[in-house]
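Asks: With the input below, show me the fold.
(chains A and B)
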There are 2 protein chains.
Amino acid sequence: MNISEIGKFAFLDRLNAGFEVGQQSTVKAFDDAAVIAVSDKPKQVCSVILLEGIHFNLVYTPLKHLGYKAVTHAVSKIVAMNALPQQILVSASVSSRFDVSDVESFYEGIRCACSGYSVDLVENNLTASMTGMTISVTAVGEASDDSLCYKNEAKVNDLVCISGSLGAAYMGLQVLERERRIFESNHTQPKLDGYDYILQKQLRPQARLDMLKTFEDNGIKPSSMTNIADGLASDILHICKQSGVGVRIYLEKIPIAAETFEVCGEMNFDAVTAALNGGDDFELLFTVPISEYEAIKSLSGFEIIGYIADESQGAYLVTPEGNELKIKAQGWTFVTG
Amino acid sequence: MNISEIGKFAFLDRLNAGFEVGQQSTVKAFDDAAVIAVSDKPKQVCSVILLEGIHFNLVYTPLKHLGYKAVTHAVSKIVAMNALPQQILVSASVSSRFDVSDVESFYEGIRCACSGYSVDLVENNLTASMTGMTISVTAVGEASDDSLCYKNEAKVNDLVCISGSLGAAYMGLQVLERERRIFESNHTQPKLDGYDYILQKQLRPQARLDMLKTFEDNGIKPSSMTNIADGLASDILHICKQSGVGVRIYLEKIPIAAETFEVCGEMNFDAVTAALNGGDDFELLFTVPISEYEAIKSLSGFEIIGYIADESQGAYLVTPEGNELKIKAQGWTFVTG
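Replies: Here you go, the predicted model:
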């Protein structure tokens, strides 16, 4: 069914009816603006924009997964402040290729994410698009003043840590792209069996809310934190630049999953490059004072991969042989179409 | 100069350096998320997305004006809650047609708006686009609990009021479109002299922050409020639907500027249709209890155009002859490209 048969506002009402308000701080949803209640804790707000052809390809991205992933993008940035996400605002624009059930699939993914992350959808907007699909998600979070983690407070000798593994989302994308090319050249059905882990990381990544609990339960306050959106190289360089520090990352400490190594072998791709420059992992990259080493060394869920150095020492990757390679943010360049 | 010569992050740093933080409530800008301070007042958050080809045409929209107007869009929704806008977050995606100076012009407009509306830019993101330009603006505001105005609290017998005049932005668009067509067919230079008012309303509309002061100074609390984004017809129907009421709008009371009437005559266009169905006016549409009539009747800056009726009486426009015409939201349909 075409959206215009229902009408924009009636369709929005129908979509919105599928969302329940669960957060106490949500005072009002779906008005000109959302209203968020008073508390004794500061609020965090972030916003992401995702464009078809740049950030996602609908040929191999199920709309439900796309909805989920769009929320993950925004929620992950709130988590990277060591804050609890509570509300999201969504704007989507779709072209005439989309019918009612397509848009409903997309919102089903958003609903799964709202439920999984315990966030309320408080504003929703749908517009027409002349070209590709566009998604904008704003997330609002809450944290106590003293738990917030910024990018500019890493200190010399702090340990550099990473949750989960890197490069999997990027290799998932490579497999999807390979199968798309094969399909387009000879209509062979995509072979995606056996790639579950990396495809899951690419198509349905999780924001690491669980790490907030790890930090809280163990009394850990990262000195700085961000999420891996552009790749480890870019993101550690942001911390270094904003904190005015250098860094040493031990190459063999970078967590890469066995499945990711396997696919890298199969596709003749360097796994460390995937980990350094592949984005979309949504893992947390954070620094912890070295005085906390005893407290964190036995904890699971993250790895210590290096340490913060003086700014004059620069940002380098240390190989097992002891060689130092300059870290460059090659993961993402401003390629314009 | 091409953006990739500077690099995305360096260019963002340069753009961001042009913005100063002025709001006390802005704790942290340009991290993973913005941090907004504790206060005893609830926060409002809204988000708008603007797409080239749907919401604006770069052929006749100067980028500086576009930046200003994008902020107006978001800020106006906060104002429509009877709240004070304080922060904005911007995401823009641009194609390779845009060079550094183009993007700087766009941000110059955003800076003018930040300055004019006293809001802080607290997050800024720039991405590549394969097709048209995309702009997303999120605005955050603050209001005391008892001053917030929703769309669902209009009561029977309330007076319906509108700030400023309607239809001018729409007629400005018609003039720009006419001149574009003439230019494209025979390269005649656009004739835009003498259309200052309507072009200003289309290209550089103002959010009505001044009305917040009018309300406060005169102790007026609208029972419901929204801003004219889709046209008077659509927007009054939103209030009626959400409040469960009907309405009577007196046709001859709808404020239409002399300049708008003049252009309507010239272009053989019905001025009331422009006022009812033209969007982008960003005027405030609000209802006030009839008990406040004595307090508001002598105030300037807005007009009383009708009254709220019982839901069973429906939503009608009353002509000077006393005929009743059903109000339909014809201003905007979900046309997909």
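Asks: Could you give the number of residues near the closest residue in space to residue A:209 that isn't next to it in sequence?
Replies: Closest residue to residue A:209 apart from its sequence neighbours, by CB to CB, 6 or more residues apart in numbering or on different chains: residue A:79 at 5.8 Å. (Glycine included, C-beta is placed from N, CA and C.) For residue A:79, the count of nearby residues is 30 (other CB atoms under 10 Å in any protein chain shown).
Asks: dump the residue contacts of residue A:74.
Replies: A:46, A:47, A:48, A:85, A:88, A:137, A:138, A:139 (CB atoms under 8 Å, 6 or more residues apart in numbering or on different chains).
Asks: is it possible to export those to TSV including neighbour count, secondary structure and pLDDT?
Replies: Converted to TSV, the contacts of residue A:74 look like this (neighbours: other CB atoms under 10 Å in any protein chain shown; DSSP: H, G, I helix; E, B strand; the rest coil; pLDDT from 0 to 100):
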residue	neighbour count	secondary structure	pLDDT
A:46	29	strand	95
A:47	29	strand	95
A:48	25	strand	94
A:85	29	strand	95
A:88	29	strand	96
A:137	29	strand	97
A:138	30	strand	96
A:139	29	strand	96
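Asks: Report how many residues lie close to residue A:40.
Replies: 9.
Asks: out of the contacts of residue A:74, which touch chain B?
Replies: Among the contacts of residue A:74, proximity to chain B is found for A:46, A:47, A:48, A:138, A:139 (CB under 8 Å from any CB of the partner chain).
Asks: what's the closest of those to chain B?
Replies: Closest approach to chain B among the ones next to chain B among the contacts of residue A:74 (CB to the nearest CB): residue A:46, at 3.5 Å.
Asks: Can you tell me the closest non-neighbouring residue to the closest one?
Replies: Nearest one to residue A:46, counting by CB to CB, 6+ apart, is residue B:33 at 3.5 Å.
Asks: what sits against that neighbour?
Replies: A:44, A:45, A:46, A:77, A:78, A:80, A:81, A:83, A:139, A:141, B:123 are the contacts of residue B:33 under CB under 8 Å, 6+ apart.
Asks: quick one, helices of the stretch 1-150 of chain A?
Replies: A:3-6, A:8-16, A:63-79, A:100-117 (DSSP state H, counting those that start in this stretch).
Asks: How much space separates the residue most central in space within chain A from residue A:43?
Replies: Centroid check for chain A by CA atoms, centre = their mean gives residue A:282 as the closest residue, at 3.3 Å. Separation of residue A:282 from residue A:43 (CB to CB, to the nearest Å) stands at 22 Å.
Asks: swap in residue A:222?
Replies: Remark: distance between residue A:222 and residue A:43 (CB to CB) = 20 Å.
Asks: Compare those two and say which is more crowded by neighbours.
Replies: residue A:43 (28 against 25).
Asks: ok, the closest residue in space to the more buried one that isn't next to it in sequence - contacts?
Replies: In space, not counting the residues next to it along the chain, residue A:43 is nearest to residue B:36; the distance is 4.6 Å by CB to CB, 6+ apart. For residue B:36, the contacting residues are A:42, A:43, A:44, A:45, B:25, B:26, B:27, B:43, B:86, B:87, B:122, B:140, by CB under 8 Å, 6+ apart.
Asks: try it again with 7 Å
Replies: The contact partners of residue B:36, by CB atoms under 7 Å, 6 or more residues apart in numbering or on different chains, come to A:42, A:43, A:45, B:25, B:26, B:27, B:43, B:87, B:140.
Asks: Quickly list what the last one is bridged to.
Replies: Counting by DSSP bridges, residue B:140 forms beta bridges with residue B:45, residue B:87.
Asks: residues near whatever residue of the stretch 101-250 of chain A ends up closest to chain B, how many?
Replies: Nearest residue of the stretch 101-250 of chain A to chain B (CB to the nearest CB) works out as residue A:130 at 3.6 Å. Residue A:130 has 16 neighbouring residues, counting by other CB under 10 Å.
Asks: list the buried ones in stretch A:191-206?
Replies: A:195, A:197, A:198, A:199, A:200, A:201, A:202, A:203, A:204, A:205, A:206 (16 or more other CB atoms under 10 Å in any protein chain shown).
Asks: Narrow those to those in helices?
Replies: Of the positions in those, A:197, A:198, A:199, A:200, A:201, A:202, A:203 sit in helices, assigned by DSSP state H.
Asks: Present the residues you listed as JSON lines; the columns should include pLDDT and distance to chain B.
Replies: Formatted as JSON lines, these follow (pLDDT from 0 to 100; distance: CB to the nearest CB, whole Å):
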{"residue": "A:197", "pLDDT": "94", "distance to chain B": "26"}
{"residue": "A:198", "pLDDT": "95", "distance to chain B": "24"}
{"residue": "A:199", "pLDDT": "95", "distance to chain B": "24"}
{"residue": "A:200", "pLDDT": "94", "distance to chain B": "24"}
{"residue": "A:201", "pLDDT": "94", "distance to chain B": "20"}
{"residue": "A:202", "pLDDT": "95", "distance to chain B": "19"}
{"residue": "A:203", "pLDDT": "94", "distance to chain B": "20"}
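Asks: Could you work out the most separated pair of those residues?
Replies: A:197 and A:203 (11.2 Å; CB to CB).
Asks: How about residue A:114: what's its closest non-neighbour residue?
Replies: Nearest non-adjacent residue to residue A:114 (CB to CB, 6+ apart): residue A:121, at 5.6 Å.
Asks: now the helices of the stretch 1-150 of chain A as a markdown table including distance to residue A:287 and mean pLDDT?
Replies: What follows is the helices of the stretch 1-150 of chain A, written out as a markdown table (distance: least, CB to CB, whole Å; pLDDT from 0 to 100):
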| stretch | distance to residue A:287 | mean pLDDT |
| --- | --- | --- |
| helix A:3-6 | 47 | 82 |
| helix A:8-16 | 41 | 87 |
| helix A:63-79 | 16 | 97 |
| helix A:100-117 | 25 | 95 |
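Asks: where in the stretch 201-337 of chain A is pLDDT low?
Replies: Scanning the stretch 201-337 of chain A for pLDDT under 70 picks out the ranges A:330-337.
Asks: So which residues of it form strands?
Replies: For the stretch 201-337 of chain A, applying DSSP state E, counting those that start in this stretch gives strands covering A:224-227, A:245-250, A:284-288, A:302-310, A:315-318, A:324-326.
Asks: Give the buried residues for the longest one.
Replies: What that stands for is strand A:302-310. Under the neighbour-count rule (16+ other CB under 10 Å), strand A:302-310 has A:302, A:303, A:304, A:305, A:306, A:307, A:308, A:309 buried.
Asks: Quick check: neighbours of it in the sheet, parallel or antiparallel?
Replies: Applying DSSP bridges to the sheet, strand A:302-310 is found paired with strand A:159-163 (antiparallel), strand A:245-250 (antiparallel).
Asks: and that strand, how far out from the chain's middle?
Replies: 21 Å (CA atoms, centre = their mean, to the nearest Å).
Asks: List the contacts of the residue nearest to the centre of chain A.
Replies: Residues counted as contacts of residue A:282 (CB under 7 Å, 6+ apart) are A:72, A:76, A:205, A:206, A:207, A:208, A:227, A:228.
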